[in-house]
Each structure stands twice: as C-alpha cells, then as structure tokens.
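**Q** quick one: sequence plus predicted model below, questions after.
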Amino acid sequence: EKGTYAHYMLKEMDEQPAVIRNIIQHYQNDAGDIELTEGVRSLVSEADRIYIVACGTSYNAGLVGKDILERIAGIPTEVHVSSEFGYNMPLLSSRPLFVFLSQSGETADSRAVLVEVKKRGYKALTMTNVPGSTLSREANETMLLHAGPEIAVASTKAYTAQIAVLAILAYDIARANGKELPFELMPELARVATIMDSIMSQKELFEDLSDRYLKTTPNTFFIGRGLDASVCLEGALKVKEISYIQAEGYPGGELKHGSIALIEDGTPVIALISQPKTNLNIRGNVKEVVARGANACIISMQGVEHENDEFILPHVEPILAPLITVLPVQLMAYYAALARGCDVDKPRNLAKSVTVE
Ligand code: F6R
C-alpha cells in the first residue's frame, strides 16, 4: 500500500535506507561478518569470470557491480544486455559463472539466456527481489534483494539493493581469496543508509533543481566518468521512462566525439562528480558544454575539490558512491514527471515486468 504517499515511486525511493539496513541484517552473522550460503560460496569459488546478464535498470546496476567485483574481488566481470547476449554470445572463459540480475525474476529476455546457459551445462546465480520467481527457481542459487515489493514501473530501490548485494558478493569473494579489503563494507553500508536518509529529507532541493533544469526542456544530458557514467545511464533511463524527456547518459570525455553537437543554448547538462580520480577531467568536460551554451548542473560529493556545484553530497567510499549519487537523479526524474503532468507510476508503453522476448 502506498499509504500517505502520492506515488509508489516516491515511497520506494524513500524506502532505500531501510532496504540497505535490511540487506545488512540478512547478509551478516552475529559477529558482523558477511555470511553467504555454502551454495553461493561454492559457485563463486569455482568461477574464473563472471558474466552479469540483465535488462534496463538491472543492467545499469550490473555496470556498477562489474567495477566493484573487479576492483574489490579481482575477478574479471562482463556485463551484458540479455536480449543481445542470447543471440551474440561472447567467447566464454573456461569456468564462467552467470549472474542474472532481475528485480522481478520474470524477465523473458533474461530467462531465455538462463535456459541457454543451463543447456550448455553452466552454473547460474540469480539476484532477485522475488523469492520463488522463475529466474530464482531455475538458477542454481539465489541471492535475494530484500527490498520489499516494488510496484512503480520505474525501478529505484531494486537498483540500490542490487548494488549493495553485488558489493557483498564482491567482499565475500575477496575475503575467500585472501585479498586485502580497502575498507569494512557493512559499517560503510550502514553509513550509506544514514546519508540516504539525509538526502531524502531534503527532497525540495531536488524538486527545485528539477524545476530549473528539467521542467520544460525537450532534452537533457547526464554526464560523468567511471562509476558516475554508469549512474548517468540510470539517470537518463529514469528521466526518459517517466517524464518522456529525451535524455542521454554519457561518459564526459566521449561527448566531444559527436554528441556535443546536440548542445545548444540552454540544453540542460547534469554532471555527477563523485570520483576524485576523474574530478578535473569531468570538470573540463562541463566547461566544454557550458562554452556551447549548456545550462550545467553539477552534483558532486565531498572528497572531490569543487567549484560552483549546485549540490555537494556527503562523502562515502568512492566505489559505493553510486548508492548515493543515484538518489538526486531519481528524485529529479520524479519531480520532472510530476511537473510535466505524467503518470509517474504507470508510464506510457511500459509494463512492470517484461514477460515477452
Ligand atoms: C526501469 C525498469 C526496467 C527494468 C527491466 C528489468 O525503471 O524498471 O528497465 O529494470 O525491465 O526488469 P527486471 O529487473 O525485473 O528483470
């Protein structure tokens, strides 16, 4: 039930801190250590490469997961769109593990891949929000997202839940392989939840940004680098699907190789800047678009040196920054849809779970 909330999407965005806390509870033992089932542990211990297969928002979460798995666990990871993977399977490593990311666990494109990889004798792990769903039943193992039912068509809390669960998996693999861990995950996730609370208590700031940058525009860009670029894809998807604004998520450095031609006087460009490593580069990219008339909105994070940023998010470990930077873009998409009179929870042409290929 959405209770006093105007929309399920708003309620589900608000639930994200609680979801993160719930995930911490479910994946740690009494000593506070990460605890996965023996089944999941043995699946990942046999793998020499992970193939994440997913669609839409789950695919976007997979892009973040790839970085976390490679940097924390040191395991090569690829991310594939289900509807492509089924027909154009890449060369596989000798011991691949397939990880299906799916909020609903019912997405037909993903299931088609699962059927095919099982036929070939490979193992699969499903990360889903729905226990007993098709993808859960048909995979060898399941890790649940523990996000509670997601009703709004636009996925929000499943995205952050998937990233958190992928981080837990990465940490478990890293520990099993005796790798040095850069920070303690569970306490940092708990801090992430607290910061999420503080962002969600300042919604009017993002409503204001949405009014200034998205309310009347026909198009917009989200730009970032590295993990920020992955979140930009998710920001653009959210904006497209619920507000019908043509939106592109782009790696900042790639703009000048073509898409910058679309920048005109007043084109809104929303830049996400959470990664210290690429701070100067992306700020250079912002200057390039501003010089061509763009109306730039910078959302950054403490820990990167800032200039005229519209909003500076509290600091979290850079590798977990997507859990935080996605909130402003979810909120901006929501308020843009609202201001433009769109049906937020039931956007045109879309269904919650896509059960046709
Ligand atoms: C976007 C959205 C879709 C889904 C996609 C995959 O907000 O909801 O892009 O993410 O259809 O769905 P699942 O995760 O259920 O497989």
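**A** Good, I have the coordinates. Predicted, not measured: the structure shown is a model, and the values here were computed from it.
**Q** where along this structure do the helices fall?
**A** Along the chain, counting by DSSP state H, helices occupy 8-14, 16-27, 38-46, 56-68, 82-85, 108-119, 134-138, 157-176, 185-200, 203-213, 227-243, 279-290, 322-339.
**Q** only alpha carbons, please: show the third one as CSV.
**A** To tie it back to what came earlier, the one meant is helix 38-46. The C-alpha trace of helix 38-46 is given here as CSV (Å, rounded to 0.1, in the frame of the first residue of the first chain):
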residue,chain,number,x,y,z
GLU,A,38,27.6,-22.5,1.2
GLY,A,39,25.9,-22.9,-2.2
VAL,A,40,26.6,-19.4,-3.3
ARG,A,41,30.2,-19.6,-1.9
SER,A,42,31.0,-22.8,-3.8
LEU,A,43,29.5,-21.4,-7.1
VAL,A,44,31.7,-18.3,-7.0
SER,A,45,34.8,-20.2,-5.8
GLU,A,46,34.7,-22.3,-9.0
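**Q** distance from that helix to the middle of the chain?
**A** 24 Å (Cα atoms, centre = their mean, to the nearest Å).
**Q** do the same with the first one
**A** Taking the mean C-alpha point of helix 8-14 and that of its whole chain, the gap between them comes to 16 Å (Cα atoms, centre = their mean).
**Q** likewise the fourth one?
**A** For helix 56-68, the separation from the chain centroid amounts to 6 Å (computed by Cα atoms, centre = their mean).
**Q** can you list contacts of that helix?
**A** The contact list for helix 56-68, computed with Cβ atoms under 8 Å, 6 or more residues apart in numbering, reads 52-54, 77-79, 81-82, 99, 101-103, 107, 154-155, 158-159, 162-163, 166-167, 170, 226-227, 230-231, 233-234, 237, 319, 322. C-beta coordinates here come from the backbone N, C-alpha and C atoms, glycine included.
**Q** what angle separates it from helix 185-200?
**A** In terms of direction (axes from the mean of the first three to the mean of the last three Cα atoms, to 10 degrees), helix 56-68 departs from helix 185-200 by 140 degrees.
**Q** and helix 56-68, average pLDDT?
**A** Confidence for helix 56-68, expressed as mean pLDDT, is 98.
**Q** closest one to residue 307 among the helices of the chain?
**A** Smallest distance to residue 307 across the helices of the chain (Cβ to Cβ): 6.7 Å, for helix 279-290.
**Q** what's the closest one packed up against?
**A** Helix 279-290 is packed against strand 219-224, strand 268-273, strand 295-301, with contacts defined by 3 or more Cβ pairs under 8 Å, 6 or more residues apart in numbering; DSSP states H and E.
**Q** how far away is the nearest residue to residue 18 once chain neighbours are set aside from residue 53?
**A** Of all residues not flanking residue 18 in the chain, residue 193 sits nearest, at 7.7 Å (Cβ to Cβ, 6 or more residues apart in numbering). Distance, residue 193 to residue 53, by Cβ to Cβ, to the nearest Å: 28 Å.
**Q** so between those two, which is more surrounded?
**A** residue 53 (31 against 21; other Cβ atoms under 10 Å).
**Q** alright, calling it a day.
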